[in-house]
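In: Task: produce atomic coordinates for the following.
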Amino acid sequence: MDSSTRPRPGARRRAGLATLGCLGLVLGGCPRATPTAAGLVAGFEAAEADIAEGPPSDSAAARCHAEGRGAALGSERASSSIAVGDGVAFDSGYALGLTHGSDQGLVGAVAWVSADVAVATIADLGPTLAEAPPPRIVRRAGGLVAAYFPRGPGVDPKAPRRLALVAIERSVAGGARALATASQQADESLAFDLALSPQAGVVVWDEVVPPRAPAILRSREVGGRGVIRASVIDRDWRVAAAYDLSPADSDAESPRILPVASGFVAFWIASASDTESAAPRDADSDIRSVGGPEATGEVRTSGWVEMLALDGRAAPRGPVRKLTSDRGHISSYDVLRLDGDSAILVVARDDGELTDGTGGTLLIVRTSEAGPEAPLVLSSGGLGRGAPALVDARPPWVTWVGDHEELRMLPLALTGRPAGAPSAEDGLGEARPLLGIASSTGNAHPATSTRFLTVVPAEKNESPPTVAVAVCEAP
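Out: Residues are numbered from 1 along each chain as shown. Take a look at the predicted model:
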């Protein structure tokens, strides 16, 4: 897929664990001091031998076809620097976050797309930081909120940066109204997420903190360790002081957060050197070492996905839980709350024996506050470059790039279980499905079909990306 239509990577880069790409808020009274999650770690219960069998390994016939190109997302002048993020359905149309080049440098913007995808109106939010991801857009009562990193004149790159939350409404002149600002430490990572509920709001991000005392310093902490931080936002859009979500002995990055009925659930990637993650944790542990450095002078890094349930005030409730094995090598993941269910789906890329960005295994985990189910293997050895994605539709789908750089798609049941074999969708070319959409008047499709809003990369450097509709038939 053309990288011009993907969010720019925001996570830190560490030897052996390169994040290839990853994706609500709460409005009620927020506590003065929220306890951290230090020490609240629960073990990953499913051994590698217990990983459940996934869908058939053979590919199904192509299921999808495109209904043609729609509106352009930007101008030809800005086409080389347009990056499109996620989108939401809103007010009989769709809103997409994007960044594009301008005379002011990189600008964060929102694209309003009509229901028939024939018209797209671009509303600029303002200049944004270089390499910043597209604005994140979430629903709120009566409208939408966008979060992005504004860039002011003469800003010191080492000074704390700001994450701005703005209300975006089609009827508002200028496209945005400031709501709140959260401060973050300036470092290499621009990864963040936010979640909204009727009671309060939460924004999460990752930061690098200084290494611990030399007496207990581990090799991977020479440059500091990653921590997942959060700030709660109350009904009046006041931002509380930041606090740590990830445990004190963790090295974490790539945060995500989703609203649920009882509050929120936060996710991140935790990591350790292979030798450390495989070594015995205590006298009762029987975990054995699974390998040493990849090459002389290089220590390979293990990575796994962790989650933490939060209450309505975003205080931790229960332990930090591991969703994948700490002997894995997770580099990217995506999360999706199942429609009408308390369960959440997590799809993760385990690089395994990664070579030149290809290879590895795709896992999917269904989880809830009670804990995760055993992971399912969706694909083994057939991954190309890039991160997997869960597409919000009814039912949901999983997409990823195959080992021949082709788009692969897998329909899921409403429960999140695979509903057939994955298919190679050469007919969609470089298009990237963003979200499921309702059938438009006059377009009759079988009851088993799903329609998607997709982004199609520019055909030439002088033309911008466009939106389109794809129709996919489930088994």
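
In: Which parts of the stretch 151-300 of the chain are strands?
Out: 161-168, 177-184, 192-196, 201-209, 225-233, 243-244, 252-260, 263-273 (DSSP state E, counting those that start in this stretch).

In: And the stretch 1-150 of the chain, by the same measure?
Out: 13-14, 17-18, 41-42, 64-72, 83-90, 93-102, 105-114, 120-127, 136-140, 143-148.

In: before we move on, back to that, can you tell me which of the strands of the stretch 151-300 of the chain comes nearest to Phe452?
Out: Nearest to Phe452 among the strands of the stretch 151-300 of the chain is strand 252-260; the distance by CB to CB comes to 21.0 Å. Placement of C-beta: from N, CA and C, glycine included.

In: Just want the angle from the closest one to strand 192-196.
Out: Using axes from the mean of the first three to the mean of the last three CA atoms, to 10 degrees, the interaxial angle of strand 252-260 with respect to strand 192-196 works out to 10 degrees.

In: hey, C-alpha coordinates of strand 252-260 in CSV?
Out: In CSV, the C-alpha atoms belonging to strand 252-260 read as follows (Å, rounded to 0.1, in the frame of the first residue of the first chain):
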residue,chain,number,x,y,z
ALA,A,252,6.0,0.3,27.2
GLU,A,253,4.9,2.1,24.1
SER,A,254,2.1,2.5,21.5
PRO,A,255,-0.9,3.2,23.7
ARG,A,256,-4.6,2.7,22.8
ILE,A,257,-7.7,3.3,24.9
LEU,A,258,-11.4,2.4,24.4
PRO,A,259,-14.5,3.3,26.3
VAL,A,260,-16.6,0.5,27.7
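
In: Give me the below-cutoff pLDDT ranges for the stretch 301-450 of the chain.
Out: Counting by pLDDT under 70, the stretch 301-450 of the chain contains low-confidence residues at 341, 353-358, 381, 439-447.

In: got the residue ranges for the strands in it?
Out: Per DSSP E, counting those that start in this stretch, the stretch 301-450 of the chain has strands spanning 301-310, 320-322, 330-337, 344-350, 361-368, 371-372, 376-380, 389-391, 397-401, 407-411, 423-424, 432-437, 449-456. These are given in chain order.

In: Of those strands, which is nearest Gln104?
Out: strand 449-456 (23.7 Å).

In: Distance of Ser254 relative to Leu163?
Out: 16 Å (CB to CB, to the nearest Å).

In: So which of the two has more stuff around it?
Out: With neighbours defined as other CB atoms under 10 Å, Ser254 and Leu163 compare such that Ser254 has more, 30 against 21.

In: Make sure that one is actually in contact with Ile269.
Out: Yes - the pair Ser254 and Ile269 qualifies as a contact (CB atoms under 8 Å) at a distance of 4.6 Å.

In: Let me have the strands of the stretch 151-300 of the chain in CSV, extended by mean pLDDT and distance to Ala474.
Out: As requested, the strands of the stretch 151-300 of the chain are arranged in CSV below (pLDDT from 0 to 100; distance: least, CB to CB, whole Å):
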stretch, mean pLDDT, distance to Ala474
strand 161-168, 92, 33
strand 177-184, 91, 39
strand 192-196, 96, 29
strand 201-209, 94, 33
strand 225-233, 94, 36
strand 243-244, 94, 42
strand 252-260, 96, 24
strand 263-273, 93, 27
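
In: can I get those strands in CSV with distance to Ala61?
Out: Below are the strands of the stretch 151-300 of the chain laid out as CSV (distance: least, CB to CB, whole Å):
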stretch, distance to Ala61
strand 161-168, 41
strand 177-184, 47
strand 192-196, 36
strand 201-209, 41
strand 225-233, 42
strand 243-244, 49
strand 252-260, 33
strand 263-273, 34
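
In: which stretch of helix or strand covers Ala468?
Out: For Ala468, the element it lies in under DSSP states H and E is strand 466-473.
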